[in-house]
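Participant: Give me a 3D structure for the following:
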Amino acid sequence: MTLPVAIEHVHPAVDGGRFAGKGTAGLPLEISADIFSTGHDELLAWTTLEARAPSKGAARGSRKGSTTRSGEVLTSPMSHSGNDRWVGHATPGSVGAWQLSVFGMVDRFGTWLRDLRIRHEAGQELELELEEGRLMVEARMRRRGLGLKDQAELETLAASLSPARDVKARYRAATAARAGVLMQRTLDRSTAGTAGPFPIWVDRERAGFSAWYEMFPRSEGAAGGRSGTFKTAARRLPAIAGMGFDIVYLPPVHPIGSSHRKGANNTLDAGPDDVGSPWAIGSRDGGHTAVHPDLGGIDDFDAFVAAAGKAGLEVALDFAVQCSPDHPWVTEHPEWFRHRPDGSIRYAENPPKRYQDIYPIDFETEDREGLWQGLRDVVDFWIGHGVRVFRVDNPHTKSFDFWEWLIEGVHQSSPDVIFLSEAFTRPRVMERLAKVGFTQSYTYFTWRNTKWELSEYLTELSRGESVDYMRPNFWVNTPDILHEYLQRGGPPAFAVRLVLAALTCASWGMYSGYELYENTPVREGSEEYLHSEKYELRPRDWKTKATLAPMITRVNKIRREHREAIALMRTLRLQHVDKDEIICVSRQNQQRDDTLIVIVNLDPVGVAEASVWLDFAGLGLTASKFEAVDLLSGKTYKWTAGGNYVRLDPAVTPAHVLTVKGAD
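Facilitator: A predicted model of the protein is given here:
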């Protein structure tokens, strides 16, 4: 009988397996657990990651080769990292549902081998100890199911431990590396302690590593008060792709209601030429499965998607579960809306803000089945038109159960679909949305600007438990959020936030106009843009020389060249800097042979000087110095294990992005 082994606190198991942990195809998944037993015996621990059989019809609508292969098993050893914590890694290669198990057991031969070495170093008698080892090997030879090769190698090992040989030769044979490998390989692992299986959902690469660009197609090509179209907007796609973006996100492209339409700068008295907010979805021209006639027809949308694909981009579409008063559902399904005592439908509010042009959906409706299926039909419609990415508007104001049902159902037929949660709300709510299935999540990054705020938040996102299931997406701005830092910091502030967002997070995004340094608020103290594109057409001069586009292109290129180092949030570490104006973050791949040192001056108007100390041991740097090549400027610096002087002038460059070269 073997001693029992306890396995606790398994990650990325989420809430004991109630929800699926998240992985990304092609990226290492870190698996950890507390594994221990009584006494002081050596332990062995390993993990298995097994692809589950896809549900019936799972391949329908998904991309070729994207679904998991049922029965595929990845087995990985775990190593002891201290304090009974064990860590291993597995890299799933396909998209879909997997299950994780962790195993642990006492290693009798390993314990004997450890003690043998200790006794040898102490000069103790080894005869009986070596005989005990030989008997363990002979007992292993009697194990059923051994292959002929293993059987032969065990016989050879047993013979090398025979009392007929001298002690020194027997000791060398016992402590040879191949002896330990052989005994571990032939171990009967059926008696191991087990934790799991726990569900894991593996997404495709752009779920775990992506750069987003938000644009309003109606502004591209707009002239003389006339809306742009999908055809004119498609002309912008090569430039977006050229800056290194992966996903172009479109706000709602559906017909816009006229009742209570908002005018310029969110006024309530819209004129006849005001275009309205795209989030006031629905008119006599249709609802969530129609396109605004000013943009073109559904064939024009399909052509836009095809043009994006040709440029190397995917189209993300906004999924806003709300309606204008003119939406067909208001008359076809009045039971889907919440009515006031006078019979009128309650419009959307976030006191003191009011959205008179929007009716929220009532998820407490008695027609739950009809509502849920109607919303699922909307998603399926756009999947049928080539959309594989959805940015979901305000999901925190809808039912958790609905999102879990919807995302799971969509993934059964289209496992490569990505859902981004736009939920700027309480942390627990954001985390729950991630648990129920949202692929990525907006974050509080926009409001984290000081060194203390950024350090705390980056540590939370990279070291906290949410790393098992919540993938952050850092947006530098949105049509709703123009932070004071950008309003007052000038072009250097835009460069600072670009570097921070793109190089400290696996996914990042920006709203059109950021590259032109747009920074004028509608009023003092507001985060709303003046002449917000939410309510107006806003054509831009993309040929201006005052643009951040070259730096955006360079930073996105750095991301792609160091993909794994940027994609793995778990490897992010804060490094010590002796000034509050400068922050230093390291990024690494799993093998620690690709290291980036990102140093940023957070003061957009002042030169900052400081000394930076790197945790050489933590970074796996065994040398005392190395060459640091700045990927932004091309300059090379000599860095050491001591303090390293940096000087960053935001008027020239606010950051160093150093890659480690020539360590010695």
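Participant: Could you look up the SS state of the closest residue to residue 39 other than its chain neighbours?
Facilitator: Excluding the flanking residues, the one nearest residue 39 by CB to CB, 6 or more residues apart in numbering is residue 3, at 7.1 Å. Quick note: C-beta positions are derived from backbone N, CA and C, even for glycine. Classification of residue 3 by DSSP: H, G, I helix; E, B strand; the rest coil places it in coil.
Participant: Can you check the pLDDT for residue 63?
Facilitator: Among the per-residue scores, residue 63 holds a pLDDT of 35.
Participant: With the one 3 residues further on instead?
Facilitator: The predicted local distance difference test score for residue 66 is 44.
Participant: So residue 420 versus residue 183, what's the distance?
Facilitator: Distance, residue 420 to residue 183, using CB to CB, to the nearest Å: 49 Å.
Participant: quick one: contacts for the residue nearest to residue 39?
Facilitator: 37-39, 41, 106 (CB atoms under 8 Å, 6 or more residues apart in numbering).
Participant: higher neighbour count, residue 420 and residue 183?
Facilitator: residue 420 (28 against 21; other CB atoms under 10 Å).
Participant: Now do the same contact list for the more buried one.
Facilitator: Residue 420 neighbours (CB under 8 Å, 6+ apart): 212, 316, 389-392, 438-442, 473.
Participant: again, but for residue 431
Facilitator: Taking CB under 8 Å, 6+ apart as the test, what residue 431 contacts is 466, 469-470.
Participant: okay if I get those residues as JSON lines plus neighbour count?
Facilitator: What follows is those, written out as JSON lines (neighbours: other CB atoms under 10 Å):
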{"residue": "466", "neighbour count": "20"}
{"residue": "469", "neighbour count": "25"}
{"residue": "470", "neighbour count": "25"}
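Participant: Which single one of those is nearest to residue 102?
Facilitator: residue 469 (17.3 Å; CB to CB).
Participant: ok, that closest one touching residue 11?
Facilitator: No: the criterion here is CB atoms under 8 Å, and residue 469 misses it with residue 11 at 9.9 Å.
Participant: where does the residue nearest to residue 39 land on pLDDT?
Facilitator: At residue 3, the model reports a pLDDT of 71.
Participant: Give me the local confidence score for residue 301.
Facilitator: 98.
Participant: And residue 175, how close does it get to residue 116?
Facilitator: Distance from residue 175 to residue 116, by CB to CB: 7 Å.
Participant: hey, what's the closest residue to residue 345 other than its chain neighbours bridged with?
Facilitator: Excluding the flanking residues, the one nearest residue 345 by CB to CB, 6+ apart is residue 337, at 4.7 Å. Residue 337 forms beta bridges with residue 361, as assigned by DSSP bridges.
Participant: tell me the contacts of residue 337?
Facilitator: Residue 337 neighbours (CB under 8 Å, 6+ apart): 323, 330, 345-346, 359-362.
Participant: what's the answer for residue 277, then?
Facilitator: Residue 277 neighbours (CB under 8 Å, 6+ apart): 256, 261-262, 357, 534-535.
Participant: Closest one to residue 490 out of the residues you listed, please.
Facilitator: Nearest to residue 490 among the contacts of residue 277, counting by CB to CB, is residue 534 at 24.4 Å.
Participant: How is the closest one assigned, secondary-structure-wise?
Facilitator: coil.
Participant: One more: residue 196?
Facilitator: strand.
Participant: contacting residues around the nearest residue to it once chain neighbours are set aside?
Facilitator: Nearest non-adjacent residue to residue 196, counting by CB to CB, 6+ apart: residue 101, 3.6 Å away. Neighbouring residues of residue 101 by CB under 8 Å, 6+ apart: 47-48, 50, 194-198.
Participant: In ChimeraX, select just the buried ones from these.
Facilitator: With 16 or more other CB atoms under 10 Å as the burial test, the buried ones among the contacts of residue 101 are selected in ChimeraX as follows:
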select :47,48,50,195,196,197,198
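Participant: Which pair of the contacts of residue 101 spans the longest distance?
Facilitator: Comparing all pairs in the contacts of residue 101 by CB to CB, the longest separation belongs to 50 and 195, at 14.2 Å.
Participant: Out of the contacts of residue 277, the closest to residue 189 would be?
Facilitator: residue 534 (59.5 Å).
Participant: That closest one is in contact with residue 479, isn't it?
Facilitator: Yes: assessed by CB under 8 Å, residue 534 is found in contact with residue 479 at 5.1 Å.
Participant: coming back round to it: need the contacts of residue 431 in CSV with distance to residue 379 and pLDDT, can you?
Facilitator: Below are those laid out as CSV (distance: CB to CB, whole Å; pLDDT from 0 to 100):
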residue, distance to residue 379, pLDDT
466, 26, 96
469, 21, 97
470, 22, 97
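Participant: For the stretch 501-650 of the chain, just list every one of the strands.
Facilitator: Secondary structure of the stretch 501-650 of the chain by DSSP state E, counting those that start in this stretch: the strands cover 507-511, 573-577, 582-588, 595-601, 608-613, 625-630, 636-640, 644-648.
Participant: Of those strands, which stretch is the most buried?
Facilitator: Highest mean neighbour count of the strands of the stretch 501-650 of the chain: strand 507-511, a mean of 26 (counted as mean count of other CB atoms under 10 Å).
Participant: Could you list the low-confidence segments of the stretch 351-500 of the chain?
Facilitator: For the stretch 351-500 of the chain, not a single residue meets the criterion pLDDT under 70.
Participant: so who does residue 542 touch?
Facilitator: By CB under 8 Å, 6+ apart, the residues touching residue 542 are 236, 239.
Participant: same thing with residue 327?
Facilitator: By CB under 8 Å, 6+ apart, the contact set of residue 327 is 257, 281-283, 287, 359.
Participant: Among the contacts of residue 3, which pair sits farthest apart?
Facilitator: 38 and 106 (9.6 Å).
Participant: Settle it for me: which of these two has more neighbours?
Facilitator: Taking neighbours as other CB under 10 Å, residue 38 and residue 106 compare with residue 106 leading, 20 against 10.
Participant: picking up where we left off before, would JSON lines of the contacts of residue 277 with distance to residue 621 and neighbour count be doable?
Facilitator: What follows is the contacts of residue 277, written out as JSON lines (distance: CB to CB, whole Å; neighbours: other CB atoms under 10 Å):
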{"residue": "256", "distance to residue 621": "56", "neighbour count": "25"}
{"residue": "261", "distance to residue 621": "60", "neighbour count": "24"}
{"residue": "262", "distance to residue 621": "56", "neighbour count": "24"}
{"residue": "357", "distance to residue 621": "57", "neighbour count": "26"}
{"residue": "534", "distance to residue 621": "48", "neighbour count": "20"}
{"residue": "535", "distance to residue 621": "53", "neighbour count": "22"}
